[in-house]
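1. Everything below, folded, please.
(chains A and B)
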Amino acid sequence: MAIVKPSLAKGTRDFSPTEMEKRDYIFHTLKTVFTKYGYREIQTPSFENLQTLTGKYGDEGDKLIFKILNSGDYLAKAPADLLTERASTPLTPHISEKALRYDLTVPFARYVVMHQHEITLPFKRFQIQPVWRADRPQRGRYREFYQCDVDVVGSESLLNEAEFILIYHEALTNLGLMDFTIKLNNRKILSGIADVLGKPQLLVPMTVAIDKLDKIGVEGVDRELLERGFSDEDLEKLRPIMQLEGPVAVKIDQLKDTLASSAIGMRGIDEIEIVLGYVEKMTAHTDPLNRFIDLDITLARGLNYYTGCIFEVKTNEVTMGSIGGGGRYDDLTGMFGLKGLTGVGISFGADRIYDVMEELELFPTSTVQSTRVLFSNFDKLTELYALPLLQKLRGAGVAAEIYPASAKLKKQLAYADAKKIPYVVLIGEEEIQSGVFSLKDMQSGEQRKLDELKLFTFLTS
RNA sequence: GUGGGUAUAGCUCAGUUGGUUAGAGCACUAGAUUGUGGUUCUAGGGGUCGUCGGUUCGAGCCCGAUUAUCCACCCCA
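-> Numbering: from 1, shown residues only, chains lettered A, B, ... in the order given. Okay, the predicted model is just below:
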(Lines give C-alpha, C1' and ligand atoms only; values in the text may rest on other atoms or scores of the structure.)
Protein backbone atom coordinates (compact mmCIF):
# COMPACT_ATOMS: atom_id res chain seq x y z
CA MET A 1 0.00 0.00 0.00
CA ALA A 2 1.22 3.45 -0.83
CA ILE A 3 2.28 5.49 2.16
CA VAL A 4 0.21 8.62 2.48
CA LYS A 5 1.23 11.65 4.41
CA PRO A 6 -0.94 11.71 7.54
CA SER A 7 -3.35 14.60 7.55
CA LEU A 8 -6.73 15.57 8.94
CA ALA A 9 -9.77 16.09 6.79
CA LYS A 10 -10.45 19.78 6.45
CA GLY A 11 -12.25 21.32 9.40
CA THR A 12 -11.77 18.34 11.73
CA ARG A 13 -9.69 17.95 14.87
CA ASP A 14 -8.09 15.28 16.99
CA PHE A 15 -8.77 15.43 20.71
CA SER A 16 -5.78 14.35 22.77
CA PRO A 17 -6.13 12.98 26.32
CA THR A 18 -5.75 16.35 28.04
CA GLU A 19 -8.27 17.93 25.70
CA MET A 20 -10.69 15.06 26.19
CA GLU A 21 -10.50 15.46 29.95
CA LYS A 22 -11.29 19.14 29.63
CA ARG A 23 -14.08 18.54 27.15
CA ASP A 24 -15.58 15.88 29.39
CA TYR A 25 -15.44 18.35 32.25
CA ILE A 26 -17.56 20.78 30.22
CA PHE A 27 -20.02 18.11 29.11
CA HIS A 28 -20.31 16.70 32.61
CA THR A 29 -20.95 20.13 34.10
CA LEU A 30 -23.64 20.83 31.53
CA LYS A 31 -25.29 17.44 31.98
CA THR A 32 -25.44 17.89 35.72
CA VAL A 33 -27.33 21.16 35.32
CA PHE A 34 -29.64 19.84 32.59
CA THR A 35 -30.53 16.82 34.70
CA LYS A 36 -31.26 19.01 37.67
CA TYR A 37 -33.90 20.86 35.68
CA GLY A 38 -35.56 17.62 34.65
CA TYR A 39 -34.06 17.02 31.22
CA ARG A 40 -33.13 13.51 30.10
CA GLU A 41 -30.54 12.54 27.54
CA ILE A 42 -31.17 10.99 24.15
CA GLN A 43 -28.93 10.22 21.21
CA THR A 44 -29.80 9.86 17.55
CA PRO A 45 -27.77 8.28 14.72
CA SER A 46 -24.91 10.21 13.15
CA PHE A 47 -26.55 9.82 9.76
CA GLU A 48 -30.17 10.03 8.74
CA ASN A 49 -32.10 9.39 5.57
CA LEU A 50 -31.27 12.21 3.22
CA GLN A 51 -34.99 12.97 2.86
CA THR A 52 -35.24 13.60 6.58
CA LEU A 53 -32.70 16.40 6.37
CA THR A 54 -33.20 18.09 3.00
CA GLY A 55 -35.45 21.08 2.79
CA LYS A 56 -35.20 21.86 6.49
CA TYR A 57 -32.36 24.37 6.42
CA GLY A 58 -33.08 26.36 3.29
CA ASP A 59 -31.24 26.15 -0.01
CA GLU A 60 -27.99 27.29 1.54
CA GLY A 61 -28.28 24.73 4.29
CA ASP A 62 -29.00 21.88 1.90
CA LYS A 63 -25.71 22.56 0.17
CA LEU A 64 -23.89 22.27 3.47
CA ILE A 65 -25.22 18.79 4.25
CA PHE A 66 -22.61 16.05 3.91
CA LYS A 67 -24.17 13.38 1.72
CA ILE A 68 -23.15 9.77 1.86
CA LEU A 69 -22.65 8.02 -1.44
CA ASN A 70 -24.74 4.87 -1.88
CA SER A 71 -22.87 1.60 -1.56
CA GLY A 72 -22.11 -0.57 -4.52
CA ASP A 73 -22.40 0.52 -8.12
CA TYR A 74 -24.17 3.74 -7.29
CA LEU A 75 -24.17 5.14 -10.83
CA ALA A 76 -25.80 2.09 -12.37
CA LYS A 77 -29.34 3.08 -11.40
CA ALA A 78 -28.90 6.82 -11.93
CA PRO A 79 -30.99 8.30 -14.78
CA ALA A 80 -28.85 8.53 -17.89
CA ASP A 81 -30.05 12.00 -18.86
CA LEU A 82 -29.05 13.48 -15.51
CA LEU A 83 -25.64 11.91 -15.84
CA THR A 84 -24.96 13.26 -19.31
CA GLU A 85 -26.19 16.67 -18.25
CA ARG A 86 -24.00 16.51 -15.16
CA ALA A 87 -26.99 17.86 -13.24
CA SER A 88 -25.65 17.49 -9.74
CA THR A 89 -28.63 18.71 -7.76
CA PRO A 90 -31.34 16.52 -9.30
CA LEU A 91 -28.85 13.65 -9.50
CA THR A 92 -28.06 13.73 -5.80
CA PRO A 93 -31.10 11.78 -4.53
CA HIS A 94 -30.33 9.03 -7.05
CA ILE A 95 -26.80 8.42 -5.85
CA SER A 96 -27.18 9.29 -2.16
CA GLU A 97 -29.91 8.30 0.25
CA LYS A 98 -28.11 8.99 3.55
CA ALA A 99 -26.51 12.09 5.02
CA LEU A 100 -24.63 13.13 8.17
CA ARG A 101 -26.75 15.03 10.63
CA TYR A 102 -26.55 18.79 10.21
CA ASP A 103 -27.92 19.76 13.60
CA LEU A 104 -29.69 18.16 16.54
CA THR A 105 -33.05 19.87 16.19
CA VAL A 106 -34.33 18.15 13.07
CA PRO A 107 -33.32 14.65 14.25
CA PHE A 108 -35.02 15.50 17.53
CA ALA A 109 -38.22 16.47 15.72
CA ARG A 110 -38.08 13.18 13.85
CA TYR A 111 -37.50 11.38 17.14
CA VAL A 112 -40.50 13.01 18.77
CA VAL A 113 -42.80 12.08 15.90
CA MET A 114 -41.56 8.50 15.75
CA HIS A 115 -41.73 8.00 19.50
CA GLN A 116 -44.84 10.06 20.20
CA HIS A 117 -46.64 7.13 21.79
CA GLU A 118 -43.90 6.36 24.28
CA ILE A 119 -43.03 9.86 25.40
CA THR A 120 -45.14 11.93 27.74
CA LEU A 121 -45.62 15.58 27.06
CA PRO A 122 -44.14 17.92 27.89
CA PHE A 123 -41.00 16.08 26.84
CA LYS A 124 -37.74 17.53 28.09
CA ARG A 125 -34.61 16.19 26.48
CA PHE A 126 -30.97 17.12 26.08
CA GLN A 127 -28.56 15.83 23.49
CA ILE A 128 -24.80 16.22 23.19
CA GLN A 129 -23.48 14.92 19.89
CA PRO A 130 -21.35 16.00 16.96
CA VAL A 131 -22.89 17.48 13.85
CA TRP A 132 -21.33 17.97 10.41
CA ARG A 133 -21.44 20.82 7.96
CA ALA A 134 -19.71 21.06 4.60
CA ASP A 135 -18.94 24.68 5.33
CA ARG A 136 -15.68 26.39 4.61
CA PRO A 137 -13.82 26.24 7.91
CA GLN A 138 -12.32 29.24 9.64
CA ARG A 139 -11.47 30.45 13.11
CA GLY A 140 -13.86 28.91 15.62
CA ARG A 141 -15.77 27.15 12.87
CA TYR A 142 -15.36 23.49 12.06
CA ARG A 143 -16.89 20.91 9.75
CA GLU A 144 -17.36 18.57 12.66
CA PHE A 145 -18.37 20.10 15.95
CA TYR A 146 -20.44 19.31 19.00
CA GLN A 147 -23.79 20.75 19.83
CA CYS A 148 -25.34 20.57 23.29
CA ASP A 149 -29.05 21.05 22.84
CA VAL A 150 -31.70 21.30 25.53
CA ASP A 151 -35.29 21.41 24.37
CA VAL A 152 -38.79 20.91 25.64
CA VAL A 153 -41.67 20.07 23.34
CA GLY A 154 -45.36 20.22 24.10
CA SER A 155 -45.34 23.08 26.55
CA GLU A 156 -46.37 26.61 25.69
CA SER A 157 -45.51 27.94 29.13
CA LEU A 158 -43.05 30.78 29.25
CA LEU A 159 -41.79 29.17 32.43
CA ASN A 160 -39.61 27.09 30.11
CA GLU A 161 -38.02 30.19 28.64
CA ALA A 162 -37.37 31.49 32.14
CA GLU A 163 -35.77 28.21 33.16
CA PHE A 164 -33.48 28.33 30.17
CA ILE A 165 -32.16 31.64 31.38
CA LEU A 166 -31.47 30.04 34.74
CA ILE A 167 -29.85 27.04 33.07
CA TYR A 168 -27.58 29.28 31.04
CA HIS A 169 -26.63 31.22 34.11
CA GLU A 170 -26.05 28.20 36.30
CA ALA A 171 -24.11 26.17 33.74
CA LEU A 172 -21.82 28.98 32.68
CA THR A 173 -21.25 30.09 36.25
CA ASN A 174 -20.39 26.52 37.25
CA LEU A 175 -17.84 26.45 34.45
CA GLY A 176 -16.23 29.54 35.94
CA LEU A 177 -17.45 32.24 33.57
CA MET A 178 -18.05 35.46 35.46
CA ASP A 179 -19.20 38.01 32.95
CA PHE A 180 -21.55 37.07 30.14
CA THR A 181 -24.76 38.42 28.66
CA ILE A 182 -27.88 36.44 27.90
CA LYS A 183 -29.50 38.42 25.13
CA LEU A 184 -33.24 38.18 24.72
CA ASN A 185 -35.49 39.08 21.88
CA ASN A 186 -38.85 37.98 20.54
CA ARG A 187 -39.83 37.26 16.99
CA LYS A 188 -43.18 38.93 17.68
CA ILE A 189 -41.45 42.19 18.53
CA LEU A 190 -39.65 42.07 15.20
CA SER A 191 -42.94 41.35 13.44
CA GLY A 192 -44.43 44.30 15.28
CA ILE A 193 -41.69 46.60 14.05
CA ALA A 194 -42.26 45.49 10.47
CA ASP A 195 -45.99 46.07 11.00
CA VAL A 196 -45.49 49.57 12.33
CA LEU A 197 -43.35 50.37 9.29
CA GLY A 198 -46.16 49.02 7.14
CA LYS A 199 -43.89 46.43 5.55
CA PRO A 200 -44.70 43.07 7.18
CA GLN A 201 -43.62 41.24 4.04
CA LEU A 202 -40.08 42.56 4.51
CA LEU A 203 -39.71 41.17 8.02
CA VAL A 204 -36.94 38.71 7.20
CA PRO A 205 -34.74 41.07 5.15
CA MET A 206 -35.22 43.67 7.88
CA THR A 207 -34.09 41.42 10.69
CA VAL A 208 -31.17 40.07 8.68
CA ALA A 209 -30.01 43.63 8.16
CA ILE A 210 -30.40 44.94 11.71
CA ASP A 211 -28.82 41.75 13.06
CA LYS A 212 -25.57 43.03 11.60
CA LEU A 213 -25.65 46.30 13.55
CA ASP A 214 -22.65 45.56 15.76
CA LYS A 215 -20.72 44.32 12.75
CA ILE A 216 -21.32 46.89 10.04
CA GLY A 217 -22.64 49.85 12.05
CA VAL A 218 -25.65 52.08 11.49
CA GLU A 219 -24.54 53.23 8.03
CA GLY A 220 -24.05 49.64 6.88
CA VAL A 221 -27.47 48.63 8.15
CA ASP A 222 -29.07 51.66 6.53
CA ARG A 223 -27.45 50.85 3.21
CA GLU A 224 -28.62 47.26 3.36
CA LEU A 225 -32.17 48.26 4.33
CA LEU A 226 -32.39 50.68 1.42
CA GLU A 227 -31.22 47.96 -0.95
CA ARG A 228 -33.87 45.66 0.38
CA GLY A 229 -36.77 47.99 -0.21
CA PHE A 230 -37.04 50.27 2.82
CA SER A 231 -37.44 54.04 2.51
CA ASP A 232 -35.52 56.83 4.21
CA GLU A 233 -38.66 57.45 6.21
CA ASP A 234 -38.59 53.88 7.51
CA LEU A 235 -34.96 54.29 8.52
CA GLU A 236 -35.83 57.37 10.56
CA LYS A 237 -38.37 55.34 12.51
CA LEU A 238 -36.18 52.32 12.85
CA ARG A 239 -33.00 53.98 14.03
CA PRO A 240 -34.14 54.93 17.54
CA ILE A 241 -35.54 51.44 18.33
CA MET A 242 -32.48 49.77 16.88
CA GLN A 243 -30.21 51.73 19.18
CA LEU A 244 -32.14 51.51 22.40
CA GLU A 245 -29.91 51.93 25.43
CA GLY A 246 -30.22 51.52 29.16
CA PRO A 247 -31.88 49.08 31.55
CA VAL A 248 -34.25 46.46 30.19
CA ALA A 249 -37.27 48.09 31.84
CA VAL A 250 -36.56 51.38 30.08
CA LYS A 251 -36.19 49.67 26.72
CA ILE A 252 -39.48 47.88 27.25
CA ASP A 253 -41.26 51.17 27.97
CA GLN A 254 -39.91 52.75 24.81
CA LEU A 255 -40.86 49.73 22.74
CA LYS A 256 -44.38 49.86 24.13
CA ASP A 257 -44.70 53.42 22.84
CA THR A 258 -43.40 52.51 19.41
CA LEU A 259 -45.34 49.30 18.98
CA ALA A 260 -48.62 50.44 20.54
CA SER A 261 -50.44 50.06 17.24
CA SER A 262 -49.24 46.51 16.62
CA ALA A 263 -51.09 43.75 18.47
CA ILE A 264 -48.43 41.17 17.73
CA GLY A 265 -45.64 43.51 18.76
CA MET A 266 -47.33 44.17 22.09
CA ARG A 267 -47.73 40.45 22.63
CA GLY A 268 -44.00 40.00 22.10
CA ILE A 269 -43.27 42.61 24.74
CA ASP A 270 -45.74 40.96 27.02
CA GLU A 271 -43.94 37.63 26.64
CA ILE A 272 -40.62 39.18 27.51
CA GLU A 273 -42.12 40.71 30.63
CA ILE A 274 -43.64 37.40 31.71
CA VAL A 275 -40.35 35.58 31.26
CA LEU A 276 -38.45 38.21 33.22
CA GLY A 277 -41.15 38.08 35.91
CA TYR A 278 -40.64 34.33 36.28
CA VAL A 279 -36.88 34.76 36.48
CA GLU A 280 -37.33 37.32 39.23
CA LYS A 281 -39.51 34.96 41.26
CA MET A 282 -37.11 32.07 40.82
CA THR A 283 -34.19 34.13 42.02
CA ALA A 284 -36.06 35.48 45.01
CA HIS A 285 -33.65 33.77 47.39
CA THR A 286 -30.48 34.30 45.36
CA ASP A 287 -28.75 37.13 43.59
CA PRO A 288 -30.83 38.72 40.85
CA LEU A 289 -29.73 37.95 37.30
CA ASN A 290 -30.36 41.43 35.96
CA ARG A 291 -26.75 42.10 35.17
CA PHE A 292 -26.64 39.01 32.94
CA ILE A 293 -29.79 39.73 30.96
CA ASP A 294 -30.23 42.17 28.15
CA LEU A 295 -33.02 42.91 25.70
CA ASP A 296 -31.53 43.23 22.23
CA ILE A 297 -33.98 43.78 19.41
CA THR A 298 -31.23 43.46 16.80
CA LEU A 299 -30.96 39.78 17.72
CA ALA A 300 -32.39 37.66 14.91
CA ARG A 301 -30.59 34.31 14.63
CA GLY A 302 -32.15 31.48 12.63
CA LEU A 303 -35.32 33.40 12.14
CA ASN A 304 -36.72 30.90 9.67
CA TYR A 305 -38.21 28.78 12.40
CA TYR A 306 -38.21 30.82 15.61
CA THR A 307 -41.64 32.20 16.43
CA GLY A 308 -41.36 33.57 19.95
CA CYS A 309 -38.47 34.18 22.33
CA ILE A 310 -34.96 34.22 20.93
CA PHE A 311 -31.82 33.76 23.04
CA GLU A 312 -28.17 34.35 22.46
CA VAL A 313 -25.29 34.26 24.93
CA LYS A 314 -22.05 36.16 24.63
CA THR A 315 -19.09 36.26 26.94
CA ASN A 316 -17.76 39.68 27.82
CA GLU A 317 -14.42 38.40 29.03
CA VAL A 318 -12.87 37.56 25.67
CA THR A 319 -13.64 38.32 22.06
CA MET A 320 -15.64 35.44 20.69
CA GLY A 321 -18.80 34.82 18.71
CA SER A 322 -21.86 33.63 20.56
CA ILE A 323 -21.37 30.72 22.93
CA GLY A 324 -25.02 29.72 22.93
CA GLY A 325 -28.39 30.44 21.46
CA GLY A 326 -31.90 29.20 21.02
CA GLY A 327 -35.52 30.10 20.90
CA ARG A 328 -39.15 29.14 20.63
CA TYR A 329 -40.39 27.41 17.49
CA ASP A 330 -44.06 26.64 17.05
CA ASP A 331 -44.81 23.62 14.98
CA LEU A 332 -41.46 21.92 15.43
CA THR A 333 -42.73 18.60 14.20
CA GLY A 334 -45.06 19.83 11.47
CA MET A 335 -42.53 18.92 8.81
CA PHE A 336 -42.95 15.30 9.85
CA GLY A 337 -46.73 15.44 9.91
CA LEU A 338 -47.32 16.02 13.61
CA LYS A 339 -49.01 19.40 13.80
CA GLY A 340 -49.42 21.83 16.60
CA LEU A 341 -46.55 20.77 18.82
CA THR A 342 -44.58 23.72 20.12
CA GLY A 343 -40.99 23.56 21.20
CA VAL A 344 -38.44 25.79 22.86
CA GLY A 345 -34.79 25.08 23.31
CA ILE A 346 -31.29 26.35 23.73
CA SER A 347 -27.87 25.22 22.66
CA PHE A 348 -24.41 25.54 24.15
CA GLY A 349 -21.44 26.00 21.84
CA ALA A 350 -19.11 23.60 23.59
CA ASP A 351 -16.16 24.17 21.29
CA ARG A 352 -16.28 27.90 21.78
CA ILE A 353 -16.82 27.58 25.52
CA TYR A 354 -13.71 25.41 25.55
CA ASP A 355 -11.70 28.12 23.82
CA VAL A 356 -12.98 30.77 26.22
CA MET A 357 -12.16 28.65 29.27
CA GLU A 358 -8.72 27.88 27.90
CA GLU A 359 -8.01 31.55 27.42
CA LEU A 360 -9.25 32.43 30.90
CA GLU A 361 -7.51 29.42 32.46
CA LEU A 362 -10.72 28.18 34.04
CA PHE A 363 -10.06 24.44 33.85
CA PRO A 364 -9.39 22.93 37.28
CA THR A 365 -6.02 21.23 37.53
CA SER A 366 -7.64 18.01 38.65
CA THR A 367 -9.06 17.44 35.19
CA VAL A 368 -5.61 16.98 33.72
CA GLN A 369 -4.43 14.29 36.13
CA SER A 370 -5.27 10.71 35.33
CA THR A 371 -2.95 8.18 36.96
CA ARG A 372 -2.26 8.68 40.67
CA VAL A 373 0.62 6.30 41.17
CA LEU A 374 3.19 4.57 38.99
CA PHE A 375 5.09 1.46 40.05
CA SER A 376 8.63 1.34 38.77
CA ASN A 377 9.90 -1.76 37.05
CA PHE A 378 13.51 -2.89 37.29
CA ASP A 379 13.35 -6.56 36.47
CA LYS A 380 11.01 -9.57 36.42
CA LEU A 381 11.34 -10.15 40.15
CA THR A 382 10.34 -6.65 41.22
CA GLU A 383 7.69 -6.56 38.54
CA LEU A 384 5.95 -9.62 39.99
CA TYR A 385 6.42 -8.30 43.52
CA ALA A 386 4.46 -5.13 42.65
CA LEU A 387 1.48 -6.76 40.96
CA PRO A 388 -0.62 -7.76 44.01
CA LEU A 389 -0.46 -4.28 45.51
CA LEU A 390 -1.04 -2.68 42.10
CA GLN A 391 -4.26 -4.61 41.66
CA LYS A 392 -5.30 -3.99 45.25
CA LEU A 393 -5.01 -0.26 44.69
CA ARG A 394 -7.05 -0.47 41.51
CA GLY A 395 -9.61 -2.46 43.45
CA ALA A 396 -9.84 0.44 45.86
CA GLY A 397 -10.49 2.82 42.99
CA VAL A 398 -7.01 4.31 42.72
CA ALA A 399 -5.76 4.89 39.18
CA ALA A 400 -2.51 2.97 39.22
CA GLU A 401 -0.14 1.58 36.64
CA ILE A 402 3.15 -0.21 36.43
CA TYR A 403 5.81 0.68 33.91
CA PRO A 404 5.36 -2.21 31.49
CA ALA A 405 9.03 -3.00 30.94
CA SER A 406 12.23 -2.93 32.93
CA ALA A 407 13.83 0.29 31.86
CA LYS A 408 16.18 2.84 33.28
CA LEU A 409 14.66 4.63 36.20
CA LYS A 410 15.42 7.89 34.47
CA LYS A 411 13.11 6.89 31.68
CA GLN A 412 10.39 5.70 34.02
CA LEU A 413 10.45 8.92 36.01
CA ALA A 414 10.40 10.95 32.82
CA TYR A 415 7.30 8.97 31.86
CA ALA A 416 5.67 9.78 35.21
CA ASP A 417 6.61 13.39 34.79
CA ALA A 418 5.19 13.63 31.28
CA LYS A 419 1.92 12.09 32.46
CA LYS A 420 1.86 14.28 35.56
CA ILE A 421 1.61 11.24 37.81
CA PRO A 422 2.03 12.61 41.34
CA TYR A 423 3.50 9.50 43.03
CA VAL A 424 5.98 6.82 42.03
CA VAL A 425 6.55 3.65 44.06
CA LEU A 426 10.10 2.36 43.72
CA ILE A 427 10.65 -1.34 44.23
CA GLY A 428 14.13 -2.81 44.01
CA GLU A 429 16.08 -5.53 45.75
CA GLU A 430 16.50 -3.31 48.77
CA GLU A 431 12.75 -2.78 49.11
CA ILE A 432 11.94 -6.46 48.65
CA GLN A 433 14.40 -7.44 51.35
CA SER A 434 13.24 -4.88 53.88
CA GLY A 435 9.58 -5.29 52.98
CA VAL A 436 8.94 -1.57 52.67
CA PHE A 437 8.20 0.53 49.62
CA SER A 438 9.88 3.75 48.62
CA LEU A 439 7.30 6.37 47.72
CA LYS A 440 8.48 9.33 45.74
CA ASP A 441 6.46 12.52 45.63
CA MET A 442 7.06 13.83 42.12
CA GLN A 443 6.19 17.38 42.96
CA SER A 444 8.44 17.89 45.97
CA GLY A 445 10.96 15.25 44.98
CA GLU A 446 10.83 13.85 48.50
CA GLN A 447 11.07 10.15 49.06
CA ARG A 448 10.09 8.08 52.05
CA LYS A 449 9.74 4.46 53.04
CA LEU A 450 6.37 3.01 53.97
CA ASP A 451 5.16 -0.48 54.68
CA GLU A 452 2.39 -1.88 52.54
CA LEU A 453 -0.47 -0.92 54.86
CA LYS A 454 0.71 2.65 55.29
CA LEU A 455 1.32 3.01 51.57
CA PHE A 456 -2.13 1.66 50.79
CA THR A 457 -3.76 3.96 53.32
CA PHE A 458 -1.88 6.95 52.00
CA LEU A 459 -2.74 6.35 48.36
CA THR A 460 -6.38 5.60 49.03
CA SER A 461 -7.02 8.59 51.24
C1' G B 1 -19.61 30.70 -4.00
C1' U B 2 -16.09 35.59 -3.61
C1' G B 3 -11.39 37.87 -2.00
C1' G B 4 -6.46 37.77 0.50
C1' G B 5 -2.17 35.38 3.02
C1' U B 6 1.01 31.16 3.73
C1' A B 7 3.67 26.51 2.13
C1' U B 8 11.54 25.12 4.42
C1' A B 9 13.14 19.08 9.96
C1' G B 10 7.89 15.65 13.90
C1' C B 11 6.18 21.07 15.73
C1' U B 12 6.97 26.69 15.55
C1' C B 13 9.67 29.41 12.28
C1' A B 14 14.67 32.10 10.21
C1' G B 15 17.01 31.99 5.45
C1' U B 16 20.37 38.86 2.93
C1' U B 17 20.11 42.00 -4.24
C1' G B 18 19.36 34.69 -6.90
C1' G B 19 25.67 32.40 -5.45
C1' U B 20 29.68 26.77 -1.94
C1' U B 21 27.62 21.43 1.85
C1' A B 22 19.87 25.00 3.92
C1' G B 23 19.74 26.89 9.79
C1' A B 24 17.58 27.92 15.01
C1' G B 25 14.30 26.82 19.08
C1' C B 26 11.18 23.01 20.86
C1' A B 27 10.47 17.68 20.61
C1' C B 28 13.13 12.89 20.13
C1' U B 29 17.60 9.48 21.20
C1' A B 30 22.12 8.88 23.89
C1' G B 31 25.81 10.50 27.41
C1' A B 32 27.46 13.56 31.76
C1' U B 33 24.45 10.43 36.40
C1' U B 34 24.75 1.52 36.03
C1' G B 35 18.30 3.29 41.38
C1' U B 36 16.06 9.27 40.60
C1' G B 37 12.17 13.13 36.52
C1' G B 38 11.01 18.27 35.87
C1' U B 39 16.83 22.60 35.58
C1' U B 40 21.80 22.45 33.06
C1' C B 41 25.73 20.84 29.62
C1' U B 42 27.47 17.69 25.41
C1' A B 43 26.65 14.73 21.19
C1' G B 44 23.39 12.47 17.59
C1' G B 45 19.43 11.19 14.19
C1' G B 46 16.03 13.63 11.22
C1' G B 47 14.93 17.81 4.79
C1' U B 48 12.62 15.11 -2.79
C1' C B 49 12.65 23.50 0.62
C1' G B 50 4.13 21.35 -1.20
C1' U B 51 3.89 19.65 -6.61
C1' C B 52 4.71 20.57 -11.92
C1' G B 53 6.73 23.75 -15.42
C1' G B 54 9.50 28.34 -16.82
C1' U B 55 13.55 32.30 -16.50
C1' U B 56 18.96 31.83 -15.38
C1' C B 57 25.74 29.82 -15.92
C1' G B 58 23.23 28.97 -11.18
C1' A B 59 16.52 28.97 -7.89
C1' G B 60 14.55 27.62 -1.01
C1' C B 61 14.54 32.89 -3.06
C1' C B 62 12.11 35.38 -9.42
C1' C B 63 7.63 34.05 -12.89
C1' G B 64 3.29 30.81 -14.15
C1' A B 65 0.13 26.90 -13.02
C1' U B 66 -1.61 23.46 -9.51
C1' U B 67 -2.67 21.39 -4.74
C1' A B 68 -3.05 22.01 0.41
C1' U B 69 -3.87 25.11 4.39
C1' C B 70 -5.15 29.56 7.15
C1' C B 71 -7.84 34.24 7.35
C1' A B 72 -11.98 37.39 5.83
C1' C B 73 -16.95 37.82 3.29
C1' C B 74 -21.87 35.18 2.65
C1' C B 75 -24.00 32.13 6.27
C1' C B 76 -23.65 29.97 10.81
C1' A B 77 -22.41 27.30 16.34
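
2. show me what contacts A:R40?
-> Each residue near A:R40 by C-beta atoms under 8 Å, 6 or more residues apart in numbering is listed here: A:K124, A:R125, A:F126. All C-beta atoms are positioned from the backbone trio N, CA, C, and that covers glycine.

3. For the residues you listed, which single residue is the most surrounded?
-> A:F126 (26 neighbours; other C-beta atoms under 10 Å).

4. following the helix or strand in which it is found, which helix or strand comes up?
-> For A:F126, the element it lies in under DSSP states H and E is strand A:123-132. Following strand A:123-132 in sequence order, the next helix or strand is strand A:144-153 (DSSP H and E).

5. Can you report how many residues neighbour A:Y37?
-> Burial measure for A:Y37: 17 neighbouring residues, criterion other C-beta under 10 Å.

6. re the thing from before, who does the strand holding A:F126 touch, helix- and strand-wise?
-> For strand A:123-132, the elements it packs on are helix A:17-36, strand A:40-41, helix A:105-114, strand A:144-153, judged by 3 or more C-beta pairs under 8 Å, 6 or more residues apart in numbering; DSSP states H and E.

7. For the spatially closest residue to A:S438 that is not a sequence neighbour, give its distance to A:F456.
-> Nearest residue to A:S438, sequence neighbours excluded (C-beta to C-beta, 6 or more residues apart in numbering): A:L426, at 4.1 Å. Separation of A:L426 from A:F456 (C-beta to C-beta, to the nearest Å) stands at 16 Å.

8. Looking at the two, which is more packed in?
-> Comparing A:L426 with A:F456 by other C-beta under 10 Å, the one with more neighbours is A:L426, at 21 against 17.

9. quick one, phi/psi of that one?
-> phi -100, psi 130 (degrees, to the nearest 10).

10. residues contacting it?
-> Counted by C-beta under 8 Å, 6+ apart, A:L426 has contacts A:S376, A:L409, A:F437, A:S438, A:L439, A:K440, A:Q447.

11. number of nearby residues for the last one?
-> What that stands for is A:Q447. Count around A:Q447 with other C-beta under 10 Å applied: 11.

12. Quick one: classify the nearest residue to it once chain neighbours are set aside as helix, strand or coil.
-> Leaving out its chain neighbours, the residue that sits closest to A:Q447 by C-beta to C-beta, 6+ apart is A:K440, at 4.6 Å. Secondary structure for A:K440, judged by DSSP: H, G, I helix; E, B strand; the rest coil, is strand.

13. Excluding covalently adjacent residues, which one is nearest to A:L213?
-> Using C-beta to C-beta, 6+ apart and skipping residues adjacent in sequence, the residue nearest A:L213 is A:T298, 4.6 Å away.

14. Would you verify that that neighbour is located in a strand?
-> No. Secondary structure of A:T298 (three-state DSSP): coil, not part of a strand.

15. For RNA strand B, state which of the contacts of A:R40 is nearest.
-> Proximity of the contacts of A:R40 to RNA strand B (C-beta to the nearest atom of the strand) peaks at A:F126, which lies at 15.2 Å.

16. tell me which residues form a beta bridge with the closest one?
-> Beta bridges link A:F126 to A:E41, A:V150 when assigned by DSSP bridges.

17. A:G265 contacts A:D195, doesn't it?
-> Yes. Using C-beta atoms under 8 Å, A:G265 is in contact with A:D195, at 6.3 Å.

18. residues near the residue nearest to A:Q447, how many?
-> Around A:K440 there are 20 residues (other C-beta under 10 Å).

19. And the pLDDT for it?
-> pLDDT, A:K440: 95.

20. these two touch, right, it and A:P422?
-> No. Taking contacts as C-beta under 8 Å, A:K440 lies outside contact range of A:P422: 9.7 Å.

21. Now do the buried residues in stretch A:154-165.
-> Buried residues in stretch A:154-165, defined by neighbour count with 16 or more other C-beta atoms under 10 Å: A:G154, A:S155, A:L158, A:N160, A:E161, A:A162, A:E163, A:F164, A:I165.

22. From RNA strand B, how far off is A:L75?
-> For A:L75, the distance to RNA strand B (C-beta to the nearest atom of the strand, to the nearest Å) stands at 21 Å.

23. now swap in A:R394 and tell me
-> 22 Å.

24. which residue sits closest to that residue in space, ignoring its chain neighbours?
-> Distance criterion C-beta to C-beta, 6+ apart; nearest residue to A:R394, sequence neighbours excluded, is A:A400 at 5.5 Å.

25. what's near enough to touch that neighbour?
-> A:T371, A:R372, A:V373, A:L374, A:F375, A:L390, A:L393, A:R394, A:L459 are the contacts of A:A400 under C-beta under 8 Å, 6+ apart.
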